[in-house]
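Q: The following block contains a protein sequence and its predicted model.
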Amino acid sequence: MTLADISRHCYELTQAYLGAQNASSIVQETQEAIRETRAIILTEVFSRWSPLNGEISFSYNGGKDCQVLLLLYLGCLWEFFALQVSRSQYAAAYQRFPLQNLFSVYIDLAETFPSLETFVDETAARYELSLYSSRREHGAQASDMAAAFSDFLERYPETQAILIGVRATDPFGETLKPVQKTDKGWPDFYRVQPLLHWRLAHVWSFLLYSGEPVCGLYEHGFTSIGSVDTTLPNPHLRGLGETAPQHKFQWEVEHSYGTAGSGINARPLDPSDVSWLAALGEDKYLPGWYLTDDSVERAGRIKRKK
Ligand code: FAD
């Protein structure tokens with residue numbers, strides 16, 4: 001697929017989700033959340049910075065939130081192009097999608113799960129990301145995320161704004177705004193945060209409906225993925241595996257875009273993560289999408305006992 005193909009696909013899947021009628025209250029809330037996010041991207045962001053020349057970049061770490069934002073952003077990119085075509089004096093047949101890759105950045109300083117690393121690589125290819133990886137480009141020189149972004153800006157000084165899949169329920173998220181400058185101590189650019197109003201249930205509703213691949217760790221009880229040293233499956237999903245109740249997203253899975261009825265596309269785990277999970281003990285965990293309580297989403301983000 002080209003960036004044009006995947007952007008169009010994301011546009012169409014978003015429209016299909018927005019067009020769903022008589023669906024659950026979660027779907028209706030998510031439709032509203034999507035409209036708000038799209039308005040931020042299409043009106044606030046694209047009127048300020050061009051999505052075509054490197055002024056806008058995308059922070060991507062393979063997590064569910066930035067994947068949702070990426071799907072919406074790609075859909076908006078297609079809409080931006082379609083609007084340009086409709087305003088042009090030249091026939092649509094003579095117009096080509098103006099981008100081949102999406103500028104994006106992955107800060108991989110901390111040791112993370114091999115399954116997540118593989119997922120980032122696979123999806124970077126699927127979504128045609130031109131992905132700057134801090135470790136690959138700069139070795140392990142940067143000491144923290146802010147320093148890693150300074151390195152990134154040195155390499156891509158045209159960057160003005162970076163999209164982030166942060167939500168208001170994340171730590172310190174409640175005071176954030178959709179578009180704001182970075183804090184003191186951070187390199188100078190605009191943070192674009194169009195998912196602040198999203199709840200956990202909205203994320204799963206849209207992601208499971210999308211039929212897109214999902215990082216396999218989520219299938220094994222993870223709900224928020226940090227470094228290997230600080231992440232465990234969510235204890236609120238423990239021990240429930242034998243008597244799996246229904247989750248709240250049956251409609252989404254049954255009607256998933258382009259893949260209806262074929263189940264959730266969670267990627268297989270890397271064998272080293274399978275061994276790592278086995279070493280934690282016998283407990284079974286329900287998949288991450290069984291958890292919709294935002295207040296305990298990060299209950300697995302703790303210091304692991306050595
Ligand atoms: P998550 O909940 O997993 O991440 C939330 C989002 O952050 C993700 O969806 C993704 O878009 C992005 N992200 C997280 N980790 C990575 C990564 N390793 N590589 C690429 N993207 C990632 N903190 C401040 O105090 N002041 C700032 O001005 C500030 N500016 C930031 C600008 C950017 C572009 C980013 C990505 C982060 C910034 N942060 C800043 C840090 C931010 O507030 C979070 O602490 C950080 O993103 C990790 O969040 P989390 O652990 O909640 O991860």
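A: On my side now, so go ahead.
Q: Number of residues surrounding residue 160?
A: 17 (other Cβ atoms under 10 Å). All C-beta spots, glycine's among them, are computed from the backbone N, C-alpha and C.
Q: What score does the residue nearest to it when sequence neighbours are not counted have for pLDDT?
A: Nearest residue to residue 160, sequence neighbours excluded (Cβ to Cβ, 6 or more residues apart in numbering): residue 55, at 4.4 Å. Per-residue pLDDT puts residue 55 at 97.
Q: And for residue 260?
A: pLDDT, residue 260: 73.
Q: first to last residue in stretch 192-203, what's the distance?
A: From its first residue to its last, stretch 192-203 covers 18 Å (Cα to Cα, to the nearest Å).
Q: who's in contact with that stretch?
A: Stretch 192-203 is contacted from outside by 26, 29-30, 33, 36-37, 40-41, 45, 56, 64-65, 68-69, 72, 161-169, 173, 176-180, 223, 248, 291-294, 297, using Cβ atoms under 8 Å, 6 or more residues apart in numbering.
Q: Run a quick neighbour tally on residue 118.
A: With other Cβ under 10 Å as criterion, residue 118 counts 18.
Q: To clarify, my last question referred to residue 161.
A: 19.
Q: do the same with residue 299
A: The tally of other residues near residue 299 (other Cβ under 10 Å) stands at 17.
Q: Could you report the separation of the residue in the chain sticking out farthest from the centre from residue 270?
A: Largest separation from the mean C-alpha position in the chain: residue 89, at 36.1 Å (Cα atoms, centre = their mean). In this view, residue 89 and residue 270 are 52 Å apart by Cβ to Cβ, to the nearest Å.
Q: one step back: drop anything exposed from the contacts of stretch 192-203.
A: 26, 29-30, 33, 37, 40-41, 45, 56, 64-65, 68-69, 72, 161-169, 176, 178, 223, 248, 291-292, 294, 297 (16 or more other Cβ atoms under 10 Å).
Q: give me every residue that touches residue 134.
A: Shown in contact with residue 134 (Cβ under 8 Å, 6+ apart): 105, 106, 107, 108, 109, 142, 148, 151, 152.
Q: On the pLDDT front, check the residue lying closest to it once chain neighbours are set aside for me.
A: Sequence neighbours aside, residue 148 is the residue nearest to residue 134 in space, at 4.3 Å (criterion: Cβ to Cβ, 6+ apart). On pLDDT, residue 148 comes in at 94.
Q: longest single helix anywhere in the chain?
A: Counting by DSSP state H, the longest helix found in the chain is helix 64-87.
Q: Contact partners for the residue of the stretch 151-300 of the chain found nearest the ligand?
A: In the stretch 151-300 of the chain, the residue that lies nearest the ligand is residue 165 (2.6 Å; Cβ to the nearest ligand atom). Shown in contact with residue 165 (Cβ under 8 Å, 6+ apart): 59, 63, 65, 66, 67, 68, 69, 70, 195.
Q: Spell out which parts of the chain neighbour the ligand.
A: Contact residues (Cβ under 6 Å from any ligand atom) of the chain with the ligand: 59-61, 63, 65-66, 105-107, 145, 162, 164-166, 170, 182-183, 186, 191, 226.
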